[in-house]
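Asker: okay, sequence plus prediction incoming.
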Amino acid sequence: MTFADLRLAEPILRAVVAEGYDVPTPIQAQAIPHVRDGKDLLGCAQTGTGKTAAFALPILHRLMEAKADEKAGTGHPTEAKPKPAKHHARVIRALILSPTRELAQQIADSFKAYGKHAGLRGTVVYGGVGQQPQTAAIKAGIDILVATPGRLHDLIGQGYINLSHVEIFVLDEADRMLDMGFIEPIRKVIALLPKKRQTLMFSATMPKEIRHLAEAILRDPVRIEVAPVEATAALVEQGVYFVEKSKKPELLLHFLEHTSITRTLIFTRTKHGADRVTKFLVREGYRAEAIHGDKSQGQRQRALANFKADKTPILVATDIAARGLDVDNISHVVNFDVPHEPETYVHRIGRTGRAGATGDAVSFCMYEERSYFAQIERLMNKQVKVIEDNPFKDHAPPPKAKSHHGSGGSKPHYGKPRSPKPSHARSHSHGKGSGGEKKQSHAKTQASHGNVGGAGAGAGARPTTKKKWSFRGQGR
């Protein structure tokens with residue numbers, strides 16, 4: 001099947017081809033015909049499966065058709081639908097709700113790319129930035145609005161947004177909305193929507209609260225399930241290091257120095273932890289930036305843009321980046337902290353191995369986190385390979401019961417690394433080049449290393465050749 005087989009309008013197909021797409025993903029192939037035909041839909045699919053195009057393309061198609069019908073005088077407007085306000089050239093006909101600013105922006109970018117020949121207008125609204133450009137776009141008239149719940153409520157309260165003309169409503173990443181406490185605000189938004197509408201709901205998992213919400217807002221929905229959370233990306237090779245908490249920073253250096261990485265995403269459990277890891281890496285000469293909820297929107301966008309452009313090849317993030325972060329060619333995901341929710345692990349490692357590329361994910365698991373990691377393995381019905389090439393190995397047996405939320409133990413040491421020299425150590429000659437960058441020569445005493453976790457990563461490890469680190473940045 002190709003996109004041409006999905007009977008989308010020619011201007012949309014032209015834009016899809018320009019984006020380099022030809023064959024739809026499974027969720028796109030299954031969802032697009034139903035959405036195009038106006039049916040409600042409940043989709044269960046993890047990140048990286050192409051959900052955005054699965055709803056954006058048919059929404060653009062439907063809005064284009066409706067405009068053509070209205071222009072020709074053959075449309076059938078709903079009697080209960082109020083007339084648009086006189087100062088609005090257009091009314092909001094499609095509303096897409098997203099849990100995070102980053103995902104909202106990416107959805108808006110996708111609508112802009114797919115709809116560049118469609119003659120439709122849209123904008124995105126989210127908090128953390130000034131609202132004036134957003135309200136100006138709304139006043140000019142838009143067909144499509146992508147929003148986060150907080151800013152949407154603010155603008156509704158100020159009288160800038162009228163949802164009474166919405167024909168299509170999309171709730172994306174519904175389970176993440178639940179995690180972030182947005183369910184009640186979403187119910188208030190739904191109360192402002194016309195009862196006669198098309199509703200699409202997407203979620204990576206289906207907890208009880210999400211199922212109840214779906215039953216309340218969907219009418220006889222088509223149900224589609226693609227790549228459930230238990231089935232992690234087949235192209236992601238996974239490994240785990242068992243390590244003392246205080247040795248995690250040194251293990252991170254060991255991993256970076258003995259693994260052929262290109263673009264790496266490191267996850268921490270807390271915002272403070274993300275900042276500490278980032279400062280540690282920068283002090284050790286790596287180019288790294290942090291992204292989390294305490295950063296301003298401008299800082300988050302710059303960090304993400306630098307990461308995408310390879311200006312900063314290491315991004316340290318909290319789980320705000322676990323979903324909806326659409327960056328190609330992430331070679332490695334590192335769980336510096338093991339997440340307490342097994343599903344979160346799946347979404348984290350789903351940042352690599354995207355679009356048919358291979359990827360690697362490793363976890364640094366201290367004693368107190370072993371019970372959480374056991375839950376992850378149970379969810380996936382898979383035992384993750386233990387990486388033996390680990391000079392900081394924790395030999396303690398796993399705890400008998402899950403620990404409470406508080407990691408305990410000693411704090412990681414973020415000072416000068418005290419790791420023993422590995423057998424394949426590098427020799428360094430430091431000097432100041434232009435711009436003060438380090439110059440290094442690397443002596444290799446071992447020809448190949450396992451792709452997950454460096455040398456000796458276990459049976460079946462793919463051989464790689466260690467490369468000179470082009471992303472080493474400023475000196476200490």
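Answerer: Structure received.
Asker: shouldn't residue 103 be in contact with residue 170?
Answerer: No. Applying Cβ atoms under 8 Å, one finds residue 103 not in contact with residue 170, separated by 12.0 Å. (C-beta placed from N, C-alpha, C; glycine too.)
Asker: other SSEs contacting the helix or strand where residue 373 lies?
Answerer: Mapping residue 373 onto the secondary structure by DSSP states H and E places it in helix 370-380. Counting contacts by 3 or more Cβ pairs under 8 Å, 6 or more residues apart in numbering; DSSP states H and E, helix 370-380 packs against helix 342-349.
Asker: so what does the helix it packs on touch, helix or strand wise?
Answerer: Using 3+ Cβ pairs under 8 Å, 6+ apart, helix 342-349 is in contact with strand 332-335, strand 359-365, helix 370-380.
Asker: ok, 7 Å please
Answerer: strand 332-335, helix 370-380 (3 or more Cβ pairs under 7 Å, 6 or more residues apart in numbering; DSSP states H and E).
Asker: which helix runs longest in this protein?
Answerer: Of all the elements of type helix in the chain, the one with the most residues (DSSP state H) is helix 51-72.
Asker: so how far is that helix off the chain centroid?
Answerer: Distance, stretch centre to chain centre, for helix 51-72: 26 Å (Cα atoms, centre = their mean, to the nearest Å).
Asker: before we move on, back to that, could you dump the helix holding residue 373 to CSV, C-alpha only?
Answerer: Presented in CSV, the C-alpha positions along helix 370-380 are these (Å, rounded to 0.1, in the frame of the first residue of the first chain):
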residue,chain,number,x,y,z
ARG,A,370,16.5,-3.5,40.7
SER,A,371,12.9,-4.2,41.6
TYR,A,372,11.7,-1.5,39.2
PHE,A,373,13.9,-3.0,36.4
ALA,A,374,12.3,-6.4,37.2
GLN,A,375,8.9,-4.9,36.6
ILE,A,376,10.1,-3.6,33.2
GLU,A,377,11.3,-7.0,32.2
ARG,A,378,7.9,-8.5,33.2
LEU,A,379,6.0,-5.9,31.2
MET,A,380,8.1,-6.7,28.1
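Asker: immediately after it, which helix or strand?
Answerer: Heading C-terminal from helix 370-380, the first helix or strand you meet, by DSSP H and E, is strand 385-386.
Asker: tell me the secondary structure for residue 340?
Answerer: The three-state label given to residue 340 by DSSP: H, G, I helix; E, B strand; the rest coil is coil.
Asker: which residues of the stretch 301-450 of the chain score low on pLDDT?
Answerer: 321-324, 353-357, 397-450 (pLDDT under 70).
Asker: at 50 what do you get?
Answerer: 401-409, 416-450 (pLDDT under 50).
Asker: can you give me the helices for the protein?
Answerer: Assigned by DSSP H, the helices in the chain fall at 10-18, 26-36, 51-72, 101-114, 132-140, 149-157, 174-179, 183-191, 208-217, 248-257, 271-283, 297-308, 342-349, 370-380.
Asker: now residue 195: how far from residue 60?
Answerer: Using Cβ to Cβ, to the nearest Å, one gets 24 Å for the distance from residue 195 to residue 60.
Asker: who's more crowded, the two?
Answerer: For residue 195 versus residue 60, the count of surrounding residues by other Cβ atoms under 10 Å is larger for residue 60: 26 against 8.
Asker: give me the pLDDT for the residue nearest to the more buried one when sequence neighbours are not counted.
Answerer: Nearest non-adjacent residue to residue 60, counting by Cβ to Cβ, 6 or more residues apart in numbering: residue 115, 4.7 Å away. Reported pLDDT at residue 115 in the predicted model: 95.
Asker: surely residue 115 meets residue 61?
Answerer: No. Counting by Cβ atoms under 7 Å, residue 115 stays clear of residue 61, with 9.8 Å between them.
Asker: quick revisit: the residue nearest to residue 60: how many residues sit nearby?
Answerer: Residue 115: 24 neighbours (other Cβ under 10 Å).
Asker: same check, this time on residue 130
Answerer: 8.
Asker: kindly report the same for residue 4.
Answerer: Neighbours around residue 4, by other Cβ under 10 Å: 12.
Asker: please apply the same query to residue 155.
Answerer: Neighbours of residue 155 using other Cβ under 10 Å come to 18.
Asker: with residue 331 instead?
Answerer: 19.
Asker: from what I can see it touches residue 262, true?
Answerer: Yes. Between residue 331 and residue 262 there is a contact under Cβ under 7 Å: 4.3 Å.
Asker: how about the residue nearest to residue 293 when sequence neighbours are not counted, what does it touch?
Answerer: Distances taken as Cβ to Cβ, 6+ apart place residue 320 nearest to residue 293, at 5.6 Å, with adjacent residues excluded. For residue 320, the contact set (Cβ atoms under 7 Å, 6 or more residues apart in numbering) comprises 100, 292, 293.
Asker: at 10 Å what do you get?
Answerer: Residue 320 sits next to 99-103, 176, 180, 271, 274, 291-293, 295, 300 when contact means Cβ atoms under 10 Å, 6 or more residues apart in numbering.
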